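Peer 1: I'd like to go over a predicted model; first the sequence, then the structure.
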Amino acid sequence: MKIISVASEVVPYAKTGGLADVTGALCHEIQSLGHEVLTFLPRYKQIDVKKPGFEVAIDRLEVPMGSEKEHCRVFSRTEASGVQTFFIDQPEFFNRDELYGTPLGDYPDNDRRFSFFQRAVLETLRAKGFAPDIIHCHDWQTGLIPAYLKTVYAADPIFKKTKTIFTVHNLAYQGNFPPDSLPATGLGWQEFKMEKLEFYGKVSFLKGGLVYSDMLTTVSERYSQEIQTKEFGCGLEEVISQRRNSLCGVLNGIDYKEWNPETDTDIAAKFGPASVVNKKENKAALQKENGFKVDPKIPLLGMVSRLVDQKGVDILVDAVEELNNEEFQLVLLGTGEEKYHKVLRNIAKKKKGQFGVHIVFDAKMAKRIYAGSDFFLLPSYYEPCGLGQMIALRYGTIPVVRATGGLADTVHPYDVSTGQGNGFSFEGYNAKELVHALKRSFRIYRNADQWSALVRNAMACDYSWAASAKKYIRIYEMTERRTIKSSGK
Ligand code: ADP
(Lines give C-alpha, C1' and ligand atoms only; values in the text may rest on other atoms or scores of the structure.)
Protein backbone atom coordinates (compact mmCIF):
# COMPACT_ATOMS: atom_id res chain seq x y z
CA MET A 1 0.00 0.00 0.00
CA LYS A 2 0.99 3.61 -0.50
CA ILE A 3 0.57 5.23 2.89
CA ILE A 4 0.83 8.88 3.89
CA SER A 5 1.36 9.77 7.53
CA VAL A 6 0.61 13.37 8.51
CA ALA A 7 1.38 14.88 11.91
CA SER A 8 2.47 18.11 13.54
CA GLU A 9 5.43 16.42 15.24
CA VAL A 10 7.65 13.51 14.31
CA VAL A 11 10.82 12.15 15.97
CA PRO A 12 13.69 12.98 15.32
CA TYR A 13 12.66 16.34 13.85
CA ALA A 14 10.21 17.92 16.27
CA LYS A 15 8.83 16.69 19.57
CA THR A 16 6.82 18.06 22.47
CA GLY A 17 5.37 14.72 23.64
CA GLY A 18 4.48 11.15 22.85
CA LEU A 19 2.81 11.97 19.53
CA ALA A 20 6.24 12.54 18.00
CA ASP A 21 7.60 9.22 19.28
CA VAL A 22 4.62 7.39 17.83
CA THR A 23 4.54 9.04 14.41
CA GLY A 24 8.33 8.73 14.17
CA ALA A 25 8.50 5.03 14.98
CA LEU A 26 5.30 3.79 13.36
CA CYS A 27 6.14 4.88 9.80
CA HIS A 28 9.46 2.99 9.83
CA GLU A 29 7.77 -0.15 11.18
CA ILE A 30 5.10 0.02 8.48
CA GLN A 31 7.73 0.56 5.78
CA SER A 32 9.76 -2.38 7.09
CA LEU A 33 6.67 -4.56 6.67
CA GLY A 34 6.76 -3.93 2.93
CA HIS A 35 4.67 -0.79 2.36
CA GLU A 36 5.61 2.58 0.90
CA VAL A 37 5.38 5.35 3.50
CA LEU A 38 5.65 9.11 3.06
CA THR A 39 5.45 11.26 6.17
CA PHE A 40 4.67 15.00 6.39
CA LEU A 41 5.34 17.65 9.02
CA PRO A 42 5.90 21.41 9.05
CA ARG A 43 9.45 22.70 8.65
CA TYR A 44 9.90 24.28 12.08
CA LYS A 45 12.75 26.60 13.04
CA GLN A 46 14.78 23.81 14.67
CA ILE A 47 14.81 21.70 11.50
CA ASP A 48 17.95 22.67 9.65
CA VAL A 49 17.31 21.91 5.99
CA LYS A 50 20.88 22.90 5.10
CA LYS A 51 22.10 19.67 6.67
CA PRO A 52 23.07 16.83 4.32
CA GLY A 53 20.20 14.69 3.09
CA PHE A 54 17.61 17.44 2.69
CA GLU A 55 16.47 18.23 -0.83
CA VAL A 56 14.07 20.69 -2.34
CA ALA A 57 11.10 18.59 -3.47
CA ILE A 58 9.00 21.50 -4.72
CA ASP A 59 10.45 24.97 -5.05
CA ARG A 60 7.20 26.92 -5.14
CA LEU A 61 3.94 25.22 -4.28
CA GLU A 62 0.71 27.14 -4.58
CA VAL A 63 -1.65 26.51 -1.68
CA PRO A 64 -5.21 27.86 -1.57
CA MET A 65 -6.15 29.69 1.63
CA GLY A 66 -9.81 30.57 1.24
CA SER A 67 -10.04 32.84 -1.78
CA GLU A 68 -6.32 33.73 -1.56
CA LYS A 69 -3.24 31.80 -2.68
CA GLU A 70 -0.23 31.32 -0.45
CA HIS A 71 3.08 29.73 -1.40
CA CYS A 72 5.60 27.50 0.25
CA ARG A 73 8.59 25.35 -0.44
CA VAL A 74 8.62 21.64 0.27
CA PHE A 75 11.76 19.84 1.38
CA SER A 76 12.21 16.11 1.52
CA ARG A 77 14.60 13.62 3.02
CA THR A 78 14.88 9.88 2.54
CA GLU A 79 15.42 8.08 5.82
CA ALA A 80 17.64 5.02 6.23
CA SER A 81 14.48 2.90 6.48
CA GLY A 82 13.34 4.11 3.06
CA VAL A 83 10.56 6.31 4.48
CA GLN A 84 10.42 9.67 2.73
CA THR A 85 9.85 12.66 5.00
CA PHE A 86 8.39 15.88 3.58
CA PHE A 87 8.67 19.25 5.29
CA ILE A 88 6.22 22.05 4.52
CA ASP A 89 8.32 25.21 4.62
CA GLN A 90 6.32 28.38 5.16
CA PRO A 91 8.54 30.58 7.37
CA GLU A 92 5.82 33.06 8.37
CA PHE A 93 3.87 30.21 9.99
CA PHE A 94 6.52 27.79 11.15
CA ASN A 95 9.83 29.57 11.65
CA ARG A 96 9.07 30.21 15.34
CA ASP A 97 10.69 29.19 18.61
CA GLU A 98 7.90 26.82 19.64
CA LEU A 99 5.59 24.41 17.83
CA TYR A 100 2.21 25.56 19.15
CA GLY A 101 2.72 28.49 21.54
CA THR A 102 4.51 29.69 24.66
CA PRO A 103 3.82 28.73 28.33
CA LEU A 104 1.47 31.72 28.41
CA GLY A 105 -0.77 30.44 25.63
CA ASP A 106 -1.23 29.15 22.10
CA TYR A 107 -0.17 31.13 19.03
CA PRO A 108 -3.23 33.14 17.95
CA ASP A 109 -2.99 32.02 14.31
CA ASN A 110 -2.84 28.24 14.90
CA ASP A 111 -6.00 27.92 12.79
CA ARG A 112 -4.28 29.45 9.77
CA ARG A 113 -0.98 27.69 10.43
CA PHE A 114 -2.48 24.22 10.52
CA SER A 115 -5.10 24.63 7.84
CA PHE A 116 -2.29 25.83 5.59
CA PHE A 117 -0.21 22.80 6.54
CA GLN A 118 -3.01 20.37 5.70
CA ARG A 119 -3.84 21.95 2.35
CA ALA A 120 -0.13 22.02 1.52
CA VAL A 121 0.13 18.27 2.20
CA LEU A 122 -2.71 17.52 -0.22
CA GLU A 123 -1.34 19.95 -2.81
CA THR A 124 2.09 18.30 -2.58
CA LEU A 125 0.54 14.90 -3.29
CA ARG A 126 -1.29 16.36 -6.29
CA ALA A 127 1.82 18.11 -7.57
CA LYS A 128 3.83 14.90 -7.26
CA GLY A 129 1.08 12.75 -8.77
CA PHE A 130 1.21 10.51 -5.72
CA ALA A 131 -2.10 8.68 -5.29
CA PRO A 132 -2.25 7.28 -1.76
CA ASP A 133 -4.23 4.26 -0.62
CA ILE A 134 -4.30 5.52 2.94
CA ILE A 135 -3.75 8.89 4.57
CA HIS A 136 -3.16 8.37 8.27
CA CYS A 137 -3.88 11.60 10.16
CA HIS A 138 -2.85 12.25 13.76
CA ASP A 139 -4.68 14.62 16.14
CA TRP A 140 -6.46 17.92 15.53
CA GLN A 141 -3.68 19.51 13.47
CA THR A 142 -4.60 17.04 10.70
CA GLY A 143 -8.35 16.66 11.33
CA LEU A 144 -9.39 18.69 8.30
CA ILE A 145 -7.73 16.32 5.82
CA PRO A 146 -10.54 13.71 6.03
CA ALA A 147 -13.05 16.56 5.59
CA TYR A 148 -11.18 17.98 2.57
CA LEU A 149 -11.11 14.59 0.86
CA LYS A 150 -14.87 14.24 1.13
CA THR A 151 -15.62 17.85 0.06
CA VAL A 152 -13.10 20.12 -1.66
CA TYR A 153 -11.08 17.24 -3.18
CA ALA A 154 -13.95 14.76 -3.59
CA ALA A 155 -13.72 14.75 -7.40
CA ASP A 156 -9.92 14.81 -7.61
CA PRO A 157 -8.69 11.69 -9.47
CA ILE A 158 -5.52 11.54 -7.35
CA PHE A 159 -7.59 10.79 -4.26
CA LYS A 160 -10.14 8.57 -5.95
CA LYS A 161 -9.27 5.48 -3.96
CA THR A 162 -7.77 7.19 -0.92
CA LYS A 163 -9.14 6.25 2.52
CA THR A 164 -8.40 8.15 5.72
CA ILE A 165 -7.57 6.91 9.19
CA PHE A 166 -7.75 9.43 12.01
CA THR A 167 -5.94 8.63 15.25
CA VAL A 168 -6.87 10.45 18.44
CA HIS A 169 -3.79 10.71 20.61
CA ASN A 170 -5.44 13.06 23.08
CA LEU A 171 -9.07 14.09 22.84
CA ALA A 172 -8.63 17.13 25.07
CA TYR A 173 -6.68 18.96 22.36
CA GLN A 174 -9.35 19.84 19.84
CA GLY A 175 -8.22 22.78 17.74
CA ASN A 176 -11.42 24.78 18.33
CA PHE A 177 -11.43 28.21 16.69
CA PRO A 178 -13.90 31.06 16.19
CA PRO A 179 -16.27 30.69 13.22
CA ASP A 180 -14.38 33.30 11.21
CA SER A 181 -11.55 30.76 10.90
CA LEU A 182 -13.67 28.77 8.50
CA PRO A 183 -13.27 30.79 5.26
CA ALA A 184 -9.47 30.44 5.29
CA THR A 185 -9.79 26.64 5.49
CA GLY A 186 -11.57 26.66 2.13
CA LEU A 187 -14.46 24.63 3.56
CA GLY A 188 -17.93 26.05 3.00
CA TRP A 189 -20.41 27.29 5.62
CA GLN A 190 -22.43 24.10 5.12
CA GLU A 191 -19.71 22.47 7.26
CA PHE A 192 -20.57 24.73 10.20
CA LYS A 193 -23.25 22.38 11.53
CA MET A 194 -23.52 20.26 14.63
CA GLU A 195 -23.26 17.02 12.62
CA LYS A 196 -20.09 18.29 10.99
CA LEU A 197 -17.37 20.71 12.19
CA GLU A 198 -19.34 23.00 14.50
CA PHE A 199 -18.70 22.43 18.21
CA TYR A 200 -20.37 24.78 20.72
CA GLY A 201 -20.16 27.74 18.37
CA LYS A 202 -16.57 27.03 17.28
CA VAL A 203 -14.99 25.35 14.29
CA SER A 204 -13.37 22.16 15.56
CA PHE A 205 -10.53 20.72 13.49
CA LEU A 206 -10.62 17.57 15.64
CA LYS A 207 -14.28 17.05 14.80
CA GLY A 208 -13.36 17.08 11.12
CA GLY A 209 -11.31 13.94 11.73
CA LEU A 210 -13.88 12.32 14.02
CA VAL A 211 -16.76 12.86 11.62
CA TYR A 212 -15.21 12.47 8.18
CA SER A 213 -12.47 9.85 8.51
CA ASP A 214 -13.13 6.38 7.12
CA MET A 215 -11.73 4.77 10.24
CA LEU A 216 -11.02 6.10 13.72
CA THR A 217 -8.41 4.78 16.09
CA THR A 218 -7.12 5.75 19.47
CA VAL A 219 -4.04 4.71 21.35
CA SER A 220 -5.28 2.11 23.82
CA GLU A 221 -8.23 -0.18 24.19
CA ARG A 222 -9.24 1.37 27.54
CA TYR A 223 -9.09 4.93 26.18
CA SER A 224 -11.29 3.93 23.23
CA GLN A 225 -13.95 3.02 25.79
CA GLU A 226 -13.30 6.00 28.08
CA ILE A 227 -13.78 8.60 25.35
CA GLN A 228 -17.33 7.37 24.87
CA THR A 229 -18.16 8.46 28.44
CA LYS A 230 -19.09 11.87 29.78
CA GLU A 231 -16.10 11.91 32.15
CA PHE A 232 -13.46 11.54 29.43
CA GLY A 233 -15.35 12.41 26.24
CA CYS A 234 -14.56 16.15 26.45
CA GLY A 235 -18.04 16.91 25.10
CA LEU A 236 -17.49 14.65 22.07
CA GLU A 237 -18.67 11.38 23.62
CA GLU A 238 -21.85 11.31 21.53
CA VAL A 239 -19.98 11.99 18.28
CA ILE A 240 -17.55 9.18 19.09
CA SER A 241 -20.21 6.72 20.25
CA GLN A 242 -22.02 7.17 16.97
CA ARG A 243 -18.85 5.96 15.23
CA ARG A 244 -18.03 3.14 17.63
CA ASN A 245 -18.28 0.54 14.85
CA SER A 246 -15.44 2.30 13.05
CA LEU A 247 -13.34 2.86 16.20
CA CYS A 248 -10.38 0.70 17.29
CA GLY A 249 -7.98 1.00 20.20
CA VAL A 250 -4.41 0.19 19.16
CA LEU A 251 -1.82 0.39 21.91
CA ASN A 252 1.25 2.46 21.05
CA GLY A 253 4.65 0.88 21.24
CA ILE A 254 8.08 2.36 21.82
CA ASP A 255 11.12 2.18 19.59
CA TYR A 256 13.17 -0.64 21.15
CA LYS A 257 16.33 0.48 19.34
CA GLU A 258 16.13 4.01 20.65
CA TRP A 259 15.11 3.01 24.17
CA ASN A 260 17.61 0.30 24.97
CA PRO A 261 19.62 0.31 28.23
CA GLU A 262 22.03 -2.24 26.74
CA THR A 263 23.24 0.16 24.05
CA ASP A 264 22.28 3.58 25.43
CA THR A 265 25.29 5.91 25.30
CA ASP A 266 23.52 8.70 27.20
CA ILE A 267 23.47 6.86 30.52
CA ALA A 268 26.23 6.30 33.10
CA ALA A 269 26.34 2.49 32.76
CA LYS A 270 24.74 0.17 30.26
CA PHE A 271 22.68 -2.72 31.60
CA GLY A 272 20.13 -5.32 30.57
CA PRO A 273 17.99 -8.06 32.06
CA ALA A 274 21.11 -10.19 32.63
CA SER A 275 23.22 -7.35 34.02
CA VAL A 276 20.68 -5.41 36.02
CA VAL A 277 23.19 -4.87 38.84
CA ASN A 278 24.78 -2.19 36.67
CA LYS A 279 21.60 -0.14 36.98
CA LYS A 280 22.94 0.88 40.42
CA GLU A 281 25.59 3.03 38.80
CA ASN A 282 22.93 5.00 36.99
CA LYS A 283 21.10 5.57 40.24
CA ALA A 284 24.26 6.80 41.97
CA ALA A 285 24.98 9.12 39.05
CA LEU A 286 21.45 10.53 39.12
CA GLN A 287 21.62 11.08 42.89
CA LYS A 288 24.91 12.89 42.46
CA GLU A 289 23.66 14.99 39.55
CA ASN A 290 20.75 16.18 41.69
CA GLY A 291 22.78 16.92 44.81
CA PHE A 292 21.08 14.06 46.71
CA LYS A 293 22.70 11.74 49.24
CA VAL A 294 24.25 8.90 47.21
CA ASP A 295 22.68 5.88 48.90
CA PRO A 296 21.42 2.79 47.08
CA LYS A 297 18.86 2.11 49.82
CA ILE A 298 16.84 5.33 49.44
CA PRO A 299 14.03 4.83 46.91
CA LEU A 300 14.48 7.23 44.00
CA LEU A 301 11.39 8.31 42.09
CA GLY A 302 11.53 9.81 38.61
CA MET A 303 8.98 11.67 36.54
CA VAL A 304 9.35 12.98 32.97
CA SER A 305 6.24 14.72 31.77
CA ARG A 306 4.57 17.64 30.12
CA LEU A 307 3.38 19.78 33.04
CA VAL A 308 -0.29 20.16 32.19
CA ASP A 309 -3.54 19.47 34.10
CA GLN A 310 -3.90 15.92 32.81
CA LYS A 311 -0.63 14.70 34.33
CA GLY A 312 -1.47 14.69 38.05
CA VAL A 313 1.05 17.27 39.26
CA ASP A 314 -1.49 18.65 41.76
CA ILE A 315 -2.00 15.31 43.55
CA LEU A 316 1.72 14.62 43.39
CA VAL A 317 2.50 17.90 45.17
CA ASP A 318 0.05 17.04 47.98
CA ALA A 319 1.35 13.48 48.17
CA VAL A 320 4.94 14.69 48.59
CA GLU A 321 3.81 16.74 51.61
CA GLU A 322 1.94 13.76 53.08
CA LEU A 323 4.94 11.46 52.68
CA ASN A 324 6.95 13.50 55.16
CA ASN A 325 7.88 10.50 57.29
CA GLU A 326 9.14 8.36 54.43
CA GLU A 327 12.68 8.48 53.18
CA PHE A 328 12.70 8.95 49.39
CA GLN A 329 14.14 11.17 46.67
CA LEU A 330 12.33 12.56 43.63
CA VAL A 331 13.62 13.93 40.30
CA LEU A 332 11.16 15.62 38.00
CA LEU A 333 11.82 16.77 34.43
CA GLY A 334 9.15 18.63 32.52
CA THR A 335 7.82 21.78 30.94
CA GLY A 336 4.35 23.11 30.47
CA GLU A 337 2.07 25.51 32.28
CA GLU A 338 3.58 28.34 34.29
CA LYS A 339 1.45 27.57 37.39
CA TYR A 340 3.10 24.15 37.69
CA HIS A 341 6.59 25.53 37.07
CA LYS A 342 6.08 27.87 40.01
CA VAL A 343 4.70 25.35 42.48
CA LEU A 344 7.39 22.78 41.63
CA ARG A 345 10.24 25.28 41.89
CA ASN A 346 8.92 26.22 45.36
CA ILE A 347 8.93 22.65 46.66
CA ALA A 348 12.37 22.05 45.16
CA LYS A 349 13.63 25.05 47.11
CA LYS A 350 11.97 23.83 50.31
CA LYS A 351 13.12 20.23 49.91
CA LYS A 352 16.59 20.74 48.57
CA GLY A 353 18.58 17.50 48.57
CA GLN A 354 15.40 15.45 48.28
CA PHE A 355 13.47 16.95 45.37
CA GLY A 356 15.20 17.85 42.09
CA VAL A 357 13.17 19.83 39.55
CA HIS A 358 14.28 20.57 36.00
CA ILE A 359 11.94 22.81 34.00
CA VAL A 360 13.39 22.11 30.57
CA PHE A 361 12.95 19.75 27.65
CA ASP A 362 16.04 17.57 27.69
CA ALA A 363 15.98 14.20 25.93
CA LYS A 364 19.32 13.09 27.41
CA MET A 365 18.35 13.94 30.97
CA ALA A 366 15.11 12.02 30.39
CA LYS A 367 17.19 8.93 29.63
CA ARG A 368 19.29 9.40 32.76
CA ILE A 369 16.07 9.56 34.78
CA TYR A 370 14.55 6.47 33.15
CA ALA A 371 17.81 4.57 33.77
CA GLY A 372 18.66 5.82 37.26
CA SER A 373 15.30 5.86 39.06
CA ASP A 374 13.80 2.96 41.00
CA PHE A 375 10.23 4.10 40.33
CA PHE A 376 8.60 6.11 37.56
CA LEU A 377 5.53 8.22 38.35
CA LEU A 378 2.50 8.74 36.12
CA PRO A 379 -0.32 9.83 38.43
CA SER A 380 -2.35 11.08 35.44
CA TYR A 381 -6.01 12.03 35.68
CA TYR A 382 -6.34 10.57 32.21
CA GLU A 383 -3.73 9.07 29.89
CA PRO A 384 -4.67 7.95 26.36
CA CYS A 385 -1.69 5.58 26.18
CA GLY A 386 1.38 6.94 27.94
CA LEU A 387 4.86 6.06 26.78
CA GLY A 388 6.73 6.89 29.98
CA GLN A 389 5.64 3.68 31.71
CA MET A 390 6.74 1.56 28.73
CA ILE A 391 10.13 3.26 28.57
CA ALA A 392 10.51 2.88 32.33
CA LEU A 393 9.74 -0.87 32.16
CA ARG A 394 12.40 -1.26 29.49
CA TYR A 395 14.91 0.37 31.87
CA GLY A 396 13.85 -1.81 34.83
CA THR A 397 12.21 1.16 36.52
CA ILE A 398 8.93 0.34 38.21
CA PRO A 399 5.92 2.41 37.16
CA VAL A 400 3.54 3.81 39.76
CA VAL A 401 0.46 4.94 37.87
CA ARG A 402 -3.18 5.82 38.14
CA ALA A 403 -5.22 3.06 36.49
CA THR A 404 -6.57 4.99 33.53
CA GLY A 405 -6.37 4.68 29.72
CA GLY A 406 -3.22 3.04 28.44
CA LEU A 407 -1.71 2.99 31.92
CA ALA A 408 -4.44 0.55 32.99
CA ASP A 409 -3.76 -1.56 29.89
CA THR A 410 0.00 -1.81 30.41
CA VAL A 411 0.74 -1.65 34.14
CA HIS A 412 -0.42 -4.69 36.10
CA PRO A 413 -0.20 -4.41 39.89
CA TYR A 414 2.46 -6.57 41.49
CA ASP A 415 0.92 -9.41 43.47
CA VAL A 416 3.17 -10.69 46.25
CA SER A 417 1.36 -14.04 46.45
CA THR A 418 1.74 -14.96 42.77
CA GLY A 419 4.87 -12.96 41.95
CA GLN A 420 3.03 -11.59 38.90
CA GLY A 421 2.78 -7.96 37.86
CA ASN A 422 5.05 -5.18 36.64
CA GLY A 423 4.21 -2.13 38.76
CA PHE A 424 1.80 -0.38 41.09
CA SER A 425 -1.44 1.40 40.41
CA PHE A 426 -4.23 3.24 42.21
CA GLU A 427 -7.79 4.06 41.19
CA GLY A 428 -9.06 7.30 42.74
CA TYR A 429 -7.59 10.58 41.52
CA ASN A 430 -6.44 11.91 44.88
CA ALA A 431 -3.25 12.32 46.90
CA LYS A 432 -4.36 9.80 49.53
CA GLU A 433 -4.50 6.89 47.07
CA LEU A 434 -1.22 7.94 45.49
CA VAL A 435 0.40 8.00 48.94
CA HIS A 436 -0.92 4.49 49.65
CA ALA A 437 0.42 3.19 46.33
CA LEU A 438 3.82 4.72 47.07
CA LYS A 439 3.93 3.29 50.59
CA ARG A 440 3.04 -0.13 49.16
CA SER A 441 5.77 0.16 46.58
CA PHE A 442 8.37 1.26 49.16
CA ARG A 443 7.54 -1.87 51.21
CA ILE A 444 8.25 -4.12 48.22
CA TYR A 445 11.38 -2.12 47.49
CA ARG A 446 12.74 -2.95 50.92
CA ASN A 447 12.26 -6.70 50.31
CA ALA A 448 15.22 -7.65 48.12
CA ASP A 449 13.70 -10.89 46.75
CA GLN A 450 10.34 -9.40 45.88
CA TRP A 451 12.00 -6.33 44.40
CA SER A 452 14.27 -8.30 42.08
CA ALA A 453 11.32 -10.46 40.95
CA LEU A 454 9.38 -7.31 40.16
CA VAL A 455 12.26 -5.75 38.20
CA ARG A 456 12.66 -9.01 36.28
CA ASN A 457 8.97 -8.98 35.39
CA ALA A 458 9.23 -5.36 34.28
CA MET A 459 12.18 -5.97 31.99
CA ALA A 460 10.51 -9.04 30.47
CA CYS A 461 7.55 -6.97 29.17
CA ASP A 462 7.42 -6.39 25.42
CA TYR A 463 5.96 -3.05 24.39
CA SER A 464 7.86 -2.76 21.11
CA TRP A 465 6.04 -1.72 17.94
CA ALA A 466 6.02 -5.17 16.36
CA ALA A 467 2.49 -6.19 17.38
CA SER A 468 0.88 -2.75 17.07
CA ALA A 469 2.31 -1.99 13.62
CA LYS A 470 0.77 -5.23 12.34
CA LYS A 471 -2.56 -4.20 13.83
CA TYR A 472 -2.40 -0.87 11.99
CA ILE A 473 -1.71 -2.68 8.75
CA ARG A 474 -4.75 -4.87 9.31
CA ILE A 475 -6.80 -1.71 9.88
CA TYR A 476 -5.39 -0.10 6.71
CA GLU A 477 -6.24 -3.22 4.69
CA MET A 478 -9.70 -3.47 6.15
CA THR A 479 -10.37 0.23 5.51
CA GLU A 480 -9.11 -0.04 1.97
CA ARG A 481 -11.51 -2.92 1.27
CA ARG A 482 -14.55 -1.74 3.17
CA THR A 483 -16.76 1.07 2.03
CA ILE A 484 -17.17 2.63 5.40
CA LYS A 485 -19.77 5.30 5.90
CA SER A 486 -18.32 8.20 7.81
CA SER A 487 -20.95 10.26 9.56
CA GLY A 488 -19.97 13.43 7.68
CA LYS A 489 -21.33 12.31 4.36
P1 ADP B 1 2.29 12.92 26.22
O2 ADP B 1 2.22 12.51 24.79
O3 ADP B 1 0.96 13.22 26.83
O4 ADP B 1 3.26 14.03 26.44
P5 ADP B 1 3.54 10.31 26.67
O6 ADP B 1 3.83 9.55 27.92
O7 ADP B 1 2.78 9.62 25.62
O8 ADP B 1 2.84 11.68 27.08
O9 ADP B 1 4.93 10.76 26.00
C10 ADP B 1 5.83 11.63 26.60
C11 ADP B 1 7.14 11.55 25.84
O12 ADP B 1 7.79 12.83 25.93
C13 ADP B 1 8.09 10.55 26.46
O14 ADP B 1 8.99 10.11 25.45
C15 ADP B 1 8.84 11.42 27.48
O16 ADP B 1 10.09 10.87 27.82
C17 ADP B 1 8.99 12.71 26.69
N18 ADP B 1 9.11 13.95 27.49
C19 ADP B 1 8.11 14.63 28.11
N20 ADP B 1 8.60 15.74 28.72
C21 ADP B 1 9.93 15.75 28.47
C22 ADP B 1 11.00 16.65 28.83
N23 ADP B 1 10.79 17.73 29.56
N24 ADP B 1 12.25 16.36 28.39
C25 ADP B 1 12.47 15.24 27.64
N26 ADP B 1 11.52 14.37 27.27
C27 ADP B 1 10.25 14.61 27.67
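Peer 2: Right, received. Where do you want to start?
Peer 1: The ligand contacts on this protein?
Peer 2: With the criterion set to CB under 6 Å from any ligand atom, the chain comes near the ligand through 17-19, 21, 304-306, 333-335, 361-363, 366, 385-388. Heads up, the C-betas are built off the backbone N, CA and C, glycines and all.
Peer 1: In PyMOL, how would I select just the buried ones from those residues?
Peer 2: Of these, the buried ones go into a single PyMOL selection, burial set by 16 or more other CB atoms under 10 Å:
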select buried, resi 17+18+19+21+304+305+306+333+334+335+361+366+385+386+387+388
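Peer 1: among the residues of the chain next to the ligand, which are in strands?
Peer 2: Val304, Ser305, Arg306, Leu333, Gly334, Thr335 (DSSP state E).
Peer 1: got the end-to-end distance for stretch 242-259?
Peer 2: 38 Å (CA to CA, to the nearest Å).
Peer 1: looking only at pLDDT, what's the mean for that stretch?
Peer 2: Averaged over stretch 242-259, pLDDT sits at 95.
Peer 1: buried set for it?
Peer 2: 243, 246-255, 258-259.
Peer 1: Tell me which residues touch the closest residue to the ligand within the chain, please.
Peer 2: Of the residues in the chain, the one nearest the ligand is Gly18, at a distance of 2.2 Å by CB to the nearest ligand atom. Applying CB atoms under 8 Å, 6 or more residues apart in numbering, we find Gly18 in contact with His169, Asn252, Cys385, Gly386, Leu387.
Peer 1: Name the nearest residue to the last one, sequence neighbours excluded.
Peer 2: I take that to be Leu387. Distances taken as CB to CB, 6 or more residues apart in numbering place Gly18 nearest to Leu387, at 4.5 Å, with adjacent residues excluded.
Peer 1: swap in Phe93?
Peer 2: Arg113 (4.3 Å).
Peer 1: For the one you found, give me phi and psi.
Peer 2: Arg113 adopts backbone torsions of phi -60, psi -50, taken as degrees, to the nearest 10.
Peer 1: Would you map the helices across the stretch 51-200 of the chain?
Peer 2: Along the stretch 51-200 of the chain, the stretches classed as helices by DSSP state H, counting those that start in this stretch are 91-94, 110-128, 144-150, 182-185.
Peer 1: Redo those helices as JSON lines? Include mean neighbour count.
Peer 2: Below are those laid out as JSON lines (neighbours: other CB atoms under 10 Å):
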{"stretch": "helix 91-94", "mean neighbour count": "17"}
{"stretch": "helix 110-128", "mean neighbour count": "22"}
{"stretch": "helix 144-150", "mean neighbour count": "25"}
{"stretch": "helix 182-185", "mean neighbour count": "20"}
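Peer 1: Indicate which one of the ones you listed is closest to Phe159.
Peer 2: Smallest distance to Phe159 across the helices of the stretch 51-200 of the chain (CB to CB): 5.5 Å, for helix 144-150.
Peer 1: Tell me which residues are up against that closest one.
Peer 2: So helix 144-150 is in contact with 6, 114-115, 118-119, 121-122, 135, 137, 159, 162, 164, 166, 185-187, 191, 196-197, 205, 208-209, 211-214, 486, 488-489, going by CB under 8 Å, 6+ apart.
Peer 1: roughly how far out does that helix sit from the chain middle?
Peer 2: 23 Å (CA atoms, centre = their mean, to the nearest Å).
Peer 1: same deal with stretch 443-463?
Peer 2: 27 Å.
Peer 1: Let me know the outermost residue of the chain.
Peer 2: When distances to the mean C-alpha position of the chain are computed (CA atoms, centre = their mean), the maximum falls on Asn325, with 35.6 Å.
Peer 1: Could you look up the SS state of it?
Peer 2: coil (DSSP: H, G, I helix; E, B strand; the rest coil).
Peer 1: hang on, the earlier thing: just the contacts of helix 144-150: which are in strands?
Peer 2: Per DSSP E, the contacts of helix 144-150 map to strands at Val6, Ile135, Cys137, Thr164, Phe166.
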